[in-house]
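K.L.:
Pasted the sequence and its predicted model underneath.
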Amino acid sequence: MMSYSMKKAAVLIDFTDISEKVALFAAGFAGMYELDVEFIHIAESEDSENIRDMKNKMNSYISRVNENGRSASFNIHFGKFFNVIRPVLENSGADIVIVGTHGKHGLKQNLFGSYILKLIQSIHLPSLVIQQGTEWKSAGLKKALCPVSSHDTYLNLIESASKITGVSGELDIYAIHKTDDLDADSSRNLKDAVSFLQSNNLPHKLIEEDANMYSVGFAKQTLHYVENNSYDLICIHAQVSDSSRYFGEMDKENILFNAMNIPVLCFDGE
């Protein structure tokens, strides 16, 4: 049975052009799922003038969350981003992280752009990644696709996704067969996921397809299915499994930076 509910979201802000989009999405998400919000920024130095400007912008983001009936706060932390982000989030008490990506071709110093995969692999909380073109839908994220994987913690990803789709949405399990049978771990995870969804009376479908597109990985066919079936959310593991170590990172980046601007729920897998 499901064991927890989300109560708080940590929202990472870098004060670039996507921050406004992230704040609007977070406000809508918090209002629908009844979450409190903590906006977080990591700064390398304590420049008082810059900090003052940041606080003014943060206050406008907080107002948007308040307008949706939820409380919000902000905190600015100092240090090298990847040195401090994990402990900051662990100490935040958040159940989920919301972060925006500038896309595959973002500048290297843009930590929420080309380094997004490194970011979601470094934090041990479910992460909801949105793109520059993502718009919050007033109906919420009601239809999600979770490609099956061989990760030991696949069921944790399903449980995290079920907190978003809920009893009024649909959480679909998706498997691509490149051979006659899935590997043993993926097959077990598929069965466990379906059992979990059934036992919790959560609407779902099991979709199994033979590989029908020439591609080393699975992202191309997965995204084609997503596009043709109007999903609101894609769910993946952040870490690369042993079975896909030669193409896994490219596959994950292709999903994270999908051209449909569909949010991606990522689970670290540890």
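P.N.:
That came through fine. Residues are numbered from 1 along each chain as shown.

K.L.:
neighbouring contacts of the top helix by length along the chain?
P.N.:
Using DSSP state H, we find that the single longest helix of the chain is helix 48-67. For helix 48-67, contacts defined as CB atoms under 8 Å, 6 or more residues apart in numbering pick out 11, 13, 15, 19, 23-24, 26-27, 30-31, 37, 39, 41, 43, 71-74, 76. C-betas here are computed from N, CA, C, even on glycine.

K.L.:
from those residues, which would you call buried?
P.N.:
11, 13, 19, 23-24, 26-27, 30-31, 37, 39, 41, 43, 72, 74, 76 (16 or more other CB atoms under 10 Å).

K.L.:
so Phe39 sits in a helix?
P.N.:
No. Phe39 is assigned strand when assessed by DSSP: H, G, I helix; E, B strand; the rest coil, not a helix.

K.L.:
wouldn't it be in contact with Asp14 here?
P.N.:
No. Using CB atoms under 8 Å, Phe39 is not in contact with Asp14, being 11.1 Å away.

K.L.:
ok so, going back, mind listing which of the buried ones among the contacts of helix 48-67 are in strands?
P.N.:
Val11, Val37, Phe39, His41, Ala43, Ala72, Phe74, Ile76 (DSSP state E).

K.L.:
And these, which is closest to Ala211?
P.N.:
If you rank these by distance to Ala211 using CB to CB, Val11 comes first, at 37.4 Å.

K.L.:
And the closest one, how far from Thr222?
P.N.:
Separation of Val11 from Thr222 (CB to CB, to the nearest Å): 27 Å.

K.L.:
Likewise for Val84?
P.N.:
According to CB to CB, Val84 stands 34 Å off from Thr222.

K.L.:
So which of those two has more stuff around it?
P.N.:
The neighbour count for Val84 versus Thr222, taken as other CB atoms under 10 Å, is higher for Thr222 (23 against 14).

K.L.:
if we can go back for a sec, single out whichever of the ones in strands among the buried ones among the contacts of helix 48-67 has the smallest pLDDT.
P.N.:
Minimum pLDDT across those is recorded for Ala43, with 88.

K.L.:
Contact partners for Ser187?
P.N.:
Asp181.

K.L.:
What is the three-state secondary structure of Ser150?
P.N.:
Ser150 ends up coil, using three-state DSSP.

K.L.:
How confident was the prediction at it?
P.N.:
At Ser150, pLDDT is 90.

K.L.:
next one: phi and psi at the nearest residue to it once chain neighbours are set aside?
P.N.:
Distance criterion CB to CB, 6 or more residues apart in numbering; nearest residue to Ser150, sequence neighbours excluded, is Asp185 at 3.7 Å. When read as degrees, to the nearest 10, the backbone of Asp185 gives phi -70, psi -40.

K.L.:
Perfect, I'm done here.
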